[in-house]
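Colleague: Generate coordinates for the sequence data below:
(chains A, B, C and D)
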Protein chains: 2
Amino acid sequence: MTALLAIRDAARLSGLSAKMIRHYEGIGLILEPQRTQARYRQYSARDVHEMGFIRRARDLGFSIEDIRHLLGLWRDRSRGSAEVKAIALNTIAALDEKAASLAAMSRSLKRLAATCHGDERPDCPILDALEGAPGDG
Amino acid sequence: MTALLAIRDAARLSGLSAKMIRHYEGIGLILEPQRTQARYRQYSARDVHEMGFIRRARDLGFSIEDIRHLLGLWRDRSRGSAEVKAIALNTIAALDEKAASLAAMSRSLKRLAATCHGDERPDCPILDALEGAPGDG
DNA sequence: TATGGGTCTCCCATCATGGGAAGGTCAAGG
DNA sequence: CCTTGACCTTCCCATGATGGGAGACCCATA
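Modeller: This next block holds a predicted model:
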């Protein structure tokens, strides 16, 4: 039971790509698995479980270093939840900051696009703004 | 007047870094400038103007390829504004999509963090979710 | 002329991910 | 037994924007 899985099956079950699994192993995020005599990687259900953890963490926007940290906390049954929550709050702040930055760019661009007639005439407030026109910066 | 500028001064005036200026030249975004006999790059006010265009476009979230395209349109006095506006609208859509994705991650994480007491107790809904608990996906 | 600072090119690193080449392995079928 | 096709291995390169640094060169000023 719980036969060992080839990398392709571990990838399919965890939602990571085989490329990513090898990469995460290379940077020490995933432990080196057993190998067959032909050096094929073999993963246990536990390994795949850990890969799922990593994928979900990535989906939530955690950085690799945060995930490294979270994995350590996950394995440590005696840790308090304070540190985990602190990492999550940090990540939330980083995500919000990035989202706000993108939204600000989008807003500026929308303002410019709204006043650009977008036809065959050459005058264009978008290019004017890029040119450095002192208009509505 | 309008003496030629060394790369450092072009960088200062345009808001790009000297590294970036060389890089943009390497990828063909910026034309190769004049050189002194010692092969030092020398930029005209016009060159710096173009660098400013590039920096502002980047600040607005345009991709390098979009900027390449916009520069061509900018130089072409006879082009209509339709194409420029189309590029802008595309970029707006891409920015909004990225921002929405980050915001969604942030929202999920906030929901999890809200129910994590964040103290010395080990139970933690954040880790539970990463573990793959079938709770609130 | 010596010194400090600017510049040159080239290489490497980030971050996450994919593509691809060259070669080894394995299972199934002829 | 051998071929075929699918899979695996490692290694290198690319993205996109940017920085860091090495080693060599140039120039102005004290």
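Colleague: Setting the sequence-adjacent residues aside, check what's closest to the residue nearest the centre of chain A.
Modeller: Compute the mean C-alpha point of chain A, and by CA atoms, centre = their mean the closest residue is A:Arg58, 4.3 Å away. Spatial nearest neighbour of A:Arg58, excluding adjacent residues (CB to CB, 6 or more residues apart in numbering or on different chains): A:Ile67 at 6.9 Å. In short, each C-beta sits where N, CA and C put it, glycine included.
Colleague: Phi, psi for that neighbour please.
Modeller: Dihedral pair for A:Ile67: phi -70, psi -40, per degrees, to the nearest 10.
Colleague: How about the one 10 residues further on?
Modeller: A:Arg77 adopts backbone torsions of phi -60, psi -20, taken as degrees, to the nearest 10.
Colleague: Could you list the residues of chain A in contact with DNA strand D?
Modeller: Applying CB under 7 Å from any atom of the strand, we find that chain A lies next to DNA strand D at A:6-9, A:18, A:22, A:39-41.
Colleague: tell me which parts of chain A are close to DNA strand C?
Modeller: Residues of chain A lying near DNA strand C (CB under 7 Å from any atom of the strand): A:17, A:19-20, A:23, A:36-38, A:40, A:58, A:63-65.
Colleague: Kindly write the ChimeraX command that selects the buried subset of the residues you listed.
Modeller: In ChimeraX syntax, the buried subset of these is picked out as below (16 or more other CB atoms under 10 Å in any protein chain shown):
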select /A:20,58
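Colleague: gap between A:Glu97 and A:Arg46?
Modeller: Using CB to CB, to the nearest Å, one gets 36 Å for the distance from A:Glu97 to A:Arg46.
Colleague: who has more neighbours, these two?
Modeller: Shown here are A:Glu97 and A:Arg46; by other CB atoms under 10 Å in any protein chain shown, A:Glu97 has more neighbours (12 against 9).
Colleague: May I ask which helix or strand encompasses that one?
Modeller: In this assignment (DSSP states H and E), A:Glu97 forms part of helix A:82-114.
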